[in-house]
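Student: only geometry, no sequence info:
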Ligand code: MG
């Protein structure tokens, strides 16, 4: 099932998407419950509601504005770095990898975060200031959305805690990432976390075989598969939750494959006006335009 957060008549709503009909059916939720996007639905399901609230008349998708499924995450977005073999090597060789001393392929997941205020929706602007960074890069990533909370979650039980998935573009200022040994600043600039265009429930996606791609101005740059992750989703959940309680609505971006701008010689950074389109099979396409805000 695909669930979207969207604006219709300037009101934020949550609804079920029908791809064939190209419609979204709003769920019967009070306006104050839709402010956190799909968070209300996840909480209802975690509390044991098997059924979704009733839906009302379907609305054509082309008359709504899709937003990030979780427009205001309750806390930082967890992210995993260097989690595809091919990308781990391209990044380690780039000269911008402040973790390179540990070797190209990490022995344990590299976990960092993006501040929640960096989240933006599909079809919005990724804004940057060339005086702050001139090395803006894209990273398509499968993002896991946590349902049932927990601490000390084992690999074996990890999938019971997954509610579903969405797409995140882990936009990165490479020069800032390289300057500071912690990656948060280079990853958390305002608008550097496009998310969407919808969320899908756990059963809709096969973690062992799902295509992951990125185009910049219609040029295919990243073309991989979730089956090629170094640390799989259960391992990531086990690692983070060992002593950090995962909460309902937490988001974990699982890492990006090869083909990011830094991997090219010379690097292909994004510039004003570029359009970046991230696709994950079964979820959809997340498109954003770069904008020089200076
Ligand atoms: Mg990343």
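Tutor: Looks like it arrived, so ask away. Not measured: the values here are computed from a predicted model.

Student: please enumerate the helices of the stretch 101-250 of the chain.
Tutor: 174-179, 184-187, 233-241 (DSSP state H, counting those that start in this stretch).

Student: buried residues in the second one?
Tutor: Okay, so that is helix 184-187. 184, 186, 187 (16 or more other Cβ atoms under 10 Å). Where you see a C-beta, it was placed from the backbone N, CA and C, and this is true even at glycine.

Student: the first one reaches residue 118, doesn't it?
Tutor: No: between residue 184 and residue 118 there is no contact, the gap being 9.9 Å when judged by Cβ atoms under 8 Å.

Student: which residue is the nearest non-sequential neighbour of whichever residue of the stretch 51-200 of the chain sits closest to the ion?
Tutor: When distances are taken as Cβ to the ion, the stretch 51-200 of the chain reaches nearest to the ion at residue 170, 3.4 Å away. Nearest residue to residue 170 in three dimensions, chain neighbours excluded: residue 139, at 3.9 Å (Cβ to Cβ, 6 or more residues apart in numbering).

Student: what's the neighbour count on that neighbour?
Tutor: 26 (other Cβ atoms under 10 Å).

Student: could I get the full set of strands for the stretch 101-250 of the chain?
Tutor: Listed in chain order, the strands of the stretch 101-250 of the chain (DSSP state E, counting those that start in this stretch) span residues 110-114, 119-120, 125-128, 136-137, 140-146, 162-169, 172-173, 193-201, 211-216, 219-225.

Student: chain center to the second one: distance?
Tutor: Centroid separation for strand 119-120 versus its chain: 10 Å, with Cα atoms, centre = their mean, to the nearest Å.

Student: which elements pack onto it?
Tutor: strand 193-201 (3 or more Cβ pairs under 8 Å, 6 or more residues apart in numbering; DSSP states H and E).

Student: what about the residue nearest to residue 55 when sequence neighbours are not counted, how many residues nearby?
Tutor: Excluding its sequence neighbours, the residue lying closest to residue 55 (Cβ to Cβ, 6+ apart) is residue 25, at 3.8 Å. Close neighbours of residue 25, defined as other Cβ under 10 Å, add up to 19.

Student: quick check: buried residues in the helix or strand harbouring residue 25?
Tutor: If you go by DSSP states H and E, residue 25 is part of strand 23-26. Within strand 23-26, the residues that count as buried by 16+ other Cβ under 10 Å are 23, 24, 25, 26.
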